[in-house]
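Engineer: Here's my sequence, what's the structure:
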Amino acid sequence: MKYQKAKSMTPSREQGFSLLETMIVIVVIITIAAMAVLQIQPALANARADTAMKQVVDQLRQAREYSIENRRYIQVTFPVVVVNGVTEYQIVMTQRNDFTLGAGGVNPVLSTVPIQSPMSFYVNPALPDTPDAFGNANAIVFGGVVGGPVGGMLFQSDGELVSAANFQAINGTVFLGIAGQPQMCRAVTVLGSTGRVRGWRAPSGQWIQF
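Structural biologist: Numbering: from 1, shown residues only. Prediction:
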């Protein structure tokens, strides 16, 4: 009669990670995550700057199209207001009925858009004017006047951007950015005679069209 060899009664040791190995893996994961965050942050900052520029471009184009479609003077302003203790930079589109015969004297606000934080109306003194050369004496220059002409600037029904003072076509630029962060600089230009709106970036110290 054959007898089988008795199996060892000693329990087998389960294989696993030691505490040191686990800590090394965690450190590697944290390091990789930190590197990813550092690479993503500049991209996110540029995306915010582009969003602010697009907001200004879109509002100006909408104001022009609304003026043409509805045959009304549409005024665009760039107020800086404080909302709940926070400074907010806005683009406001207003219908100027007081300039339209028979339209009445009430001027309804059509839209108010706060630009993407933390962007502001800002001109970088180290940068040249845009290739359109409409002026860079200030963050907002229209018709060669800082802040725009007295009485404001309007899109009229033929698509032109004009001065509310004399209804002559005016060119202008809105500069956006953050002090001390040249890579965040953006600009929007308007050619008054046609109402053409362009967006600009300055990734290497020179303006290129967006």
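Engineer: ranges for the strands of the protein?
Structural biologist: Along the chain, counting by DSSP state E, strands occupy 74-77, 80-83, 86-95, 109-114, 120-121, 140-142, 145-146, 153-155, 161-163, 172-177, 186-191, 196-201, 208-209.
Engineer: and the most centrally placed residue in the chain, what does it touch?
Structural biologist: Centroid check for the chain by C-alpha atoms, centre = their mean gives Ala52 as the closest residue, at 1.0 Å. Listed by C-beta atoms under 8 Å, 6 or more residues apart in numbering, the contact partners of Ala52 are 115-116, 119, 176, 186. In this view, the C-beta of every residue, glycine as well, is placed from N, C-alpha and C.
Engineer: next one: Asp98
Structural biologist: 104-105, 107.
Engineer: Could you dump the contacts of Ala52 into CSV and include neighbour count and distance to Arg71?
Structural biologist: Below are the contacts of Ala52 laid out as CSV (neighbours: other C-beta atoms under 10 Å; distance: C-beta to C-beta, whole Å):
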residue, neighbour count, distance to Arg71
Ile115, 23, 29
Gln116, 17, 32
Met119, 24, 33
Leu176, 26, 31
Arg186, 25, 32
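Engineer: Nearest to Gly152 among those residues?
Structural biologist: Nearest to Gly152, judged by C-beta to C-beta, of these is Ile115 at 18.9 Å.
Engineer: The closest one against Gln90, yeah?
Structural biologist: Yes. With contact defined as C-beta atoms under 8 Å, Ile115 reaches Gln90; the gap is 7.0 Å.
Engineer: before we move on, the earlier item: give me the buried entries from the contacts of Asp98.
Structural biologist: If you count burial by 16 or more other C-beta atoms under 10 Å, none of the contacts of Asp98 comes out as buried.
Engineer: Give the residue spans of the chain that score low on pLDDT.
Structural biologist: Along the chain, the parts satisfying pLDDT under 70 run over 1-17, 33-42.
Engineer: Could you pull out the helices in this structure for me?
Structural biologist: 19-70 (DSSP state H).
Engineer: can you put the contacts of Ala52 in a markdown table and add distance to Ala164?
Structural biologist: Listed next are the contacts of Ala52 as a markdown table, based on distance: C-beta to C-beta, whole Å:
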| residue | distance to Ala164 |
| --- | --- |
| Ile115 | 23 |
| Gln116 | 28 |
| Met119 | 27 |
| Leu176 | 24 |
| Arg186 | 26 |
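Engineer: just these now: which is nearest Ala63?
Structural biologist: Ile115 (15.2 Å).
Engineer: And the closest one, its phi and psi?
Structural biologist: phi -80, psi 160 (degrees, to the nearest 10).
Engineer: Tell me who's in contact with it.
Structural biologist: 52, 55-56, 89-91, 176.
Engineer: and what of Asp50?
Structural biologist: Counting by C-beta under 8 Å, 6+ apart, Asp50 has contacts 186, 201, 210.
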